[in-house]
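K.L.:
For reference, the sequence and a predicted model appear below.
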Amino acid sequence: MAITHPQGMRPQMPAAARMAATRSPVLSTRVLPALAVVGATYAVISYVRNELGREQSNFDKMFAQQNTPEVMAARKRHLLIEANGDPRNNLLNILGWTK
């Protein structure tokens with residue numbers, strides 16, 4: 001059995017509930033997808049930055065073990081650094097620009 005109300009006596013929703021009902025579609029259709037994209041982008045960038053930092057520290061440890069004074073002296077003799085200059089300081093050495 002359905003409850004019927006007289007014409008002007010229909011119960012009204014509170015104002016706060018009406019505003020929440022009108023805001024939620026805007027929130028779910030515009031804001032949430034944008035937040036999902038920003039969150040996913042941040043996660044990917046953080047992961048890549050973390051992996052690059054880890055790899056850099058691994059390479060730094062590896063090269064620190066190999067760059068002993070004996071190895072550097074042999075390198076100077078082999079590459080004729082005193083006559084031709086150090087190839088690590090060459091303008092075309094893009095990888096060495098950060099140091």
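P.N.:
Arrived safely. Numbering: from 1, shown residues only.
K.L.:
What's the first helix or strand after the helix or strand where A64 lies?
P.N.:
Taking DSSP states H and E as the criterion, A64 maps to helix 32-66. From helix 32-66 onward toward the C-terminus, using DSSP H and E, the following helix or strand is helix 69-79.
K.L.:
now that following helix and helix 32-66, what's the angle there?
P.N.:
Angle, helix 69-79 to helix 32-66, by axes from the mean of the first three to the mean of the last three Cα atoms, to 10 degrees: 90 degrees.
K.L.:
got a list of contacts for helix 69-79?
P.N.:
Outside helix 69-79, the residues that touch it by Cβ atoms under 8 Å, 6 or more residues apart in numbering are 81-82, 87. Yep, even glycine has a C-beta here, placed from its N, CA and C like the rest.
K.L.:
what does the helix or strand following that helix contact?
P.N.:
Moving toward the C-terminus from helix 69-79, the next helix or strand (DSSP H and E) is helix 81-84. Identification of contacts with helix 81-84 by Cβ under 8 Å, 6+ apart yields 75-76.
K.L.:
average pLDDT for helix 81-84?
P.N.:
For helix 81-84, mean pLDDT rounds to 78.
K.L.:
Also stretch 53-71?
P.N.:
Here the average pLDDT along stretch 53-71 is 88.
K.L.:
Next: stretch 34-43.
P.N.:
According to the model, stretch 34-43 has a mean pLDDT of 96.
K.L.:
list the buried ones in that stretch?
P.N.:
Buried positions in stretch 34-43, judged by neighbour count with 16 or more other Cβ atoms under 10 Å: none.
K.L.:
Go through the contacts of helix 69-79 and say which is closest to E51.
P.N.:
Using Cβ to Cβ, P87 is the member of these that lies nearest E51, at 28.5 Å.
K.L.:
got the end-to-end distance for stretch 62-75?
P.N.:
Distance between the two ends of stretch 62-75: 17 Å, counting by Cα to Cα, to the nearest Å.
K.L.:
now do stretch 82-91
P.N.:
First-to-last distance for stretch 82-91 - Cα to Cα - comes to 17 Å.
K.L.:
Save the contacts of helix 69-79 as TSV, and put in neighbour count and distance to V31 too.
P.N.:
Shown next, in TSV, are these (neighbours: other Cβ atoms under 10 Å; distance: Cβ to Cβ, whole Å):
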residue	neighbour count	distance to V31
I81	15	60
E82	9	65
P87	11	54
